[in-house]
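Colleague: Sequence first, then the predicted structure:
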Amino acid sequence: MAGKLTSVRYDSLVQRLERMADGIARHQGEDNFPQNLNDKAIRTARQELEDFREKYEALAKSAEQAYDSYLGSFKKAEAGLSKNDDTIRGFYGKKNPVIADFGTKVLSARRVKKAPEPLPSK
């Protein structure tokens, strides 16, 4: 995705397009005025920009809502699976290899580390 356009840049561009179109409309009757300048084309470009901005904002809001729904569903599934793991461990035992059939991690006994033996003194 290209760089994000800020509202300040957008507002500035819309205002400049409008002022340009107004200036062209006001001065297009002058002698030797450039024929390639067209106020209607500039106003159309401004309107198109505004329409795309509205569509973009609506899609961005819809995407944010979809993400929130996805995240909520993910967390709910994650919590449910955790409860199921606890149930399976409670039924079979935490160290029983059968629980691996359910995708539940078999918990091993904790190993106590021995203290390091002191170095022999000379």
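Modeller: Sure, I can see it. Residues are numbered from 1 along each chain as shown.
Colleague: Just name whatever secondary elements the helix or strand harbouring Gly23 is in contact with.
Modeller: Using DSSP states H and E, Gly23 sits within helix 7-27. Contacting helix 7-27 under the criterion 3 or more CB pairs under 8 Å, 6 or more residues apart in numbering; DSSP states H and E are the following elements: helix 39-92. From N, CA and C alone the C-beta is placed, and that goes for glycine too.
Colleague: Just the buried positions in the helix holding Gly23, please.
Modeller: Residues Leu17, Met20, Ala21, Ile24 are the ones in helix 7-27 that count as buried (16 or more other CB atoms under 10 Å).
Colleague: same check, this time on stretch 35-49
Modeller: Asp39, Ile42, Arg43, Arg46.
Colleague: Which of those sits closest to Phe52?
Modeller: Using CB to CB, Arg46 is the member of these that lies nearest Phe52, at 11.0 Å.
Colleague: I figured the closest one was touching Asp22, is that so?
Modeller: No - counting by CB atoms under 8 Å, Arg46 stays clear of Asp22, with 11.2 Å between them.
Colleague: Between those two, which contacts overlap?
Modeller: The contact sets of Arg46 and Asp22 do not overlap (CB atoms under 8 Å, 6 or more residues apart in numbering).
Colleague: Next up, the contacts around Glu50.
Modeller: Shown in contact with Glu50 (CB under 8 Å, 6+ apart): Val14.
Colleague: Quick check: the residue nearest to the spatial centre of the chain vs Glu57, distance?
Modeller: Centroid-nearest residue in the chain, with CA atoms, centre = their mean: Glu64, separated by 7.1 Å. Per CB to CB, to the nearest Å, Glu64 is found 11 Å from Glu57.
Colleague: do Glu117 as well
Modeller: For Glu117 relative to Glu57 (CB to CB), the value is 68 Å.
Colleague: can you check Phe91 too?
Modeller: Phe91 is 51 Å from Glu57, by CB to CB.
Colleague: Could you do Asp39 as well?
Modeller: Distance from Asp39 to Glu57, by CB to CB: 27 Å.
Colleague: what does Glu30 give?
Modeller: In terms of CB to CB, Glu30 sits 39 Å off from Glu57.
Colleague: The two: who's more crowded?
Modeller: In this view Glu30 and Glu57 are compared by other CB atoms under 10 Å, and Glu57 has more residues nearby, 10 against 7.
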